[in-house]
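Q: Below are the sequence and a predicted model for it; my questions follow.
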Amino acid sequence: MSKRRKIYEGKAKVLFEGPEPGTLVQYFKDDTTAFNAQKHEVIDGKGVLNNRISEYIFTRLEEIGIPTHFIRTLNMREQLIREVEIVPLEVVVRNVAAGSLVKRLGLTSGEPLPRPLVEFYYKDDALGDPLVTEDHISVFNWATPAEVDELMAHALRINDFLTGLFYGVGIRLIDFKLEFGRLWDGENHRLVLADEISPDSCRLWDTKSLEKLDKDRFREDLGGLVDAYQEVARRLGIFNGKNTDGKTGPVLVS
Ligand code: TMP
Ligand code: ASP
């Protein structure tokens with residue numbers, strides 16, 4: 001790992017001071033955790049795949065007008081990003097019942113929801129990232145009501161776009177988690193998408209076989225995590241050397 005000044009170390013990533021003021025370097029580790037780090041393993045190659053997949057998704061989102069912290073990829077494990085003030089919320093969007101929603105409400109995993117559901121979790125590892133309501137967010141001033149509206153609008157737009165992107169390569173986007181940050185410009189700020197979008201932060205099921213292509217492979221001890229992430233990258237057309245026709249871009253499935 002590089003010798004730059006470390007700003008923050010999370011479970012799966014490290015942030016270093018960037019080359020210019022207002023920038024940071026986001027380093028993707030191979031560390032894989034679940035259940036608030038009660039389960040931990042280092043899985044060779046995971047960080048490289050998440051760096052590439054997240055770069056691809058953030059770039060596509062920028063292209064449709066979603067502002068993000070992403071500037072450019074620096075190398076296999078690092079991205080140059082804009083320094084933002086992280087909103088202390090995890091924004092989860094769900095299309096199909098799975099994971100904690102199934103446990104909390106006694107639903108059947110795999111049951112499609114009548115419409116996309118947006119949930120907010122307060123980012124606090126010591127508390128286990130509790131589910132919170134819009135009123136909690138307002139009362140404790142984690143974000144203003146106007147910001148919550150903007151988070152919702154961005155989250156639903158990202159969901160529509162990613163659902164289509166993944167559907168085109170034979171993958172169902174079950175649910176995913178987003179983080180946002182405030183990008184300051186003098187007195188003003190705007191909300192931008194931050195962190196990462198990768199199989200670590202999404203549930204991705206093969207459309208036909210329902211095979212899990214995400215971090216549930218680790219959570220549920222299914223094995224084959226790197227193969228699954230590689231398959232996601234390959235289908236998106238971003239897995240170096242394995243695209244049979246040598247082209248880049250999503251691999252369409254019939
Ligand atoms: P959940 O069903 O465990 O609440 O997870 C919902 C989605 O959010 C799932 O795609 C995994 C993702 N997620 C994270 O990225 N980080 C987390 O800390 C948690 C709990 C979930
Ligand atoms: N919260 C993350 C997850 O399960 C990682 C962790 O909890 O350690 O997706």
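A: Everything's here; your move. Residues are numbered from 1 along each chain as shown. Ligands and ions are numbered 1, 2, ... in the order given.
Q: pretty sure residue 166 contacts residue 176?
A: No: if you go by CB atoms under 8 Å, residue 166 and residue 176 don't touch, sitting 9.8 Å apart. From N, CA and C alone the C-beta is placed, and that goes for glycine too.
Q: List the buried residues of the longest helix that the chain contains.
A: Counting residues, the longest helix found in the chain (DSSP state H) is helix 145-167. Going by neighbour count (16 or more other CB atoms under 10 Å), the buried part of helix 145-167 is 147, 148, 151, 154, 155, 158, 159, 161, 162, 163, 165, 166.
Q: need the contact list for the second one.
A: The one in question is residue 148. 120, 134, 137, 138 (CB atoms under 8 Å, 6 or more residues apart in numbering).
Q: Inside helices: which ones of those?
A: Those of the contacts of residue 148 lying in helices (DSSP H): 134, 137, 138.
Q: What about the closest residue to residue 72 other than its chain neighbours, how many residues nearby?
A: Closest residue in space to residue 72, ignoring its immediate chain neighbours: residue 80 at 5.3 Å, by CB to CB, 6 or more residues apart in numbering. Number of residues near residue 80 (other CB atoms under 10 Å) recorded here: 17.
Q: returning to that earlier point: using JSON lines, lay out the buried residues of helix 145-167 together with pLDDT and distance to residue 88.
A: Formatted as JSON lines, the buried residues of helix 145-167 follow (pLDDT from 0 to 100; distance: CB to CB, whole Å):
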{"residue": "147", "pLDDT": "98", "distance to residue 88": "12"}
{"residue": "148", "pLDDT": "98", "distance to residue 88": "13"}
{"residue": "151", "pLDDT": "98", "distance to residue 88": "12"}
{"residue": "154", "pLDDT": "98", "distance to residue 88": "17"}
{"residue": "155", "pLDDT": "98", "distance to residue 88": "16"}
{"residue": "158", "pLDDT": "99", "distance to residue 88": "19"}
{"residue": "159", "pLDDT": "99", "distance to residue 88": "21"}
{"residue": "161", "pLDDT": "98", "distance to residue 88": "25"}
{"residue": "162", "pLDDT": "98", "distance to residue 88": "23"}
{"residue": "163", "pLDDT": "98", "distance to residue 88": "27"}
{"residue": "165", "pLDDT": "98", "distance to residue 88": "28"}
{"residue": "166", "pLDDT": "98", "distance to residue 88": "28"}
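Q: Out of these, flag the one nearest to residue 172.
A: residue 166 (6.9 Å; CB to CB).
Q: Now do the same contact list for the nearest residue to that closest one once chain neighbours are set aside.
A: Spatial nearest neighbour of residue 166, excluding adjacent residues (CB to CB, 6+ apart): residue 173 at 4.7 Å. Going by CB under 8 Å, 6+ apart, residue 173 touches 95, 159, 162, 163, 166, 167, 202, 203, 204.
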